[in-house]
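Asks: from the sequence below, what's the structure:
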Amino acid sequence: MASINRIVSSKKCRHLVRMLEPETLDVAEISGKFGTKFPFKSYRAFWFPEYDICKSPLRAEDGSLLHYDLIIADQVWEHLDRPYRATQHVLQSLKPGGYFLVAVPFFVPLHGAPVDNTRWSARGLTNFLIECGFEETEIHAEQWGNRWAGIRNVAGPFPPAYREDVDSLENQEDFPICSWALARKSDLA
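Replies: Down below sits the predicted model:
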């Protein structure tokens, strides 16, 4: 069953991907399955520990650099020891005009896979992406959450399964549970 933490963010991220015309995109995903739901032109998943985005840009078996129209990281970046370096590697692996879709938790318990390190609000995620090399005008970031979802996260069990008859999906901007961003690499890069 889906977690209350991901209901809104997953819906919003699916909408962002559909706006990009998925059938025209060559896509890579870092340690996830979010992208398997779309009819992309091409799709490849890179899984940790066989591939570590913190260590290098996306590469083919022969070592050549790969370039994508869209790179997805859904609920992964909080687990990275070097998210800044990883995001710079993503930027190197995007085609000019390509997109990076990243979704992360904010107010959830620590959950190691194998480690859990970082949290970002929408503004923090925007600032982080700017520091990594994306232009501020090319970043769209949002966040969702409410106190009820926060209580569900604290009371357990984690992750809290979404219960449509009980759980509110009302957004309280001052109590984020998760955030996400779509950042576009400059055409000139």
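
Asks: hey, let's count contacts and neighbours off CA atoms from now on
Replies: Fine.

Asks: just list the residues touching Phe107, thanks.
Replies: By C-alpha atoms under 8 Å, 6 or more residues apart in numbering, the residues touching Phe107 are Arg119, Gly150, Asn153, Pro176, Ile177, Cys178.

Asks: burial of the residue nearest to Val90 when sequence neighbours are not counted, as a residue count?
Replies: Nearest non-adjacent residue to Val90, counting by C-alpha to C-alpha, 6 or more residues apart in numbering: Pro57, 6.2 Å away. Applying other C-alpha atoms under 10 Å, we find 23 residues neighbouring Pro57.

Asks: what residues are up against Lys185?
Replies: When contacts are counted by C-alpha under 8 Å, 6+ apart, Lys185 is found next to Leu91, Leu94, Lys95, Pro96, Gly97, Gly98, Tyr99, Phe100, Phe134, Glu135, Glu138.

Asks: report the secondary structure state of the nearest residue to it once chain neighbours are set aside.
Replies: Sequence neighbours aside, Gly97 is the residue nearest to Lys185 in space, at 4.9 Å (criterion: C-alpha to C-alpha, 6+ apart). State at Gly97, reduced to three classes by DSSP: H, G, I helix; E, B strand; the rest coil: strand.
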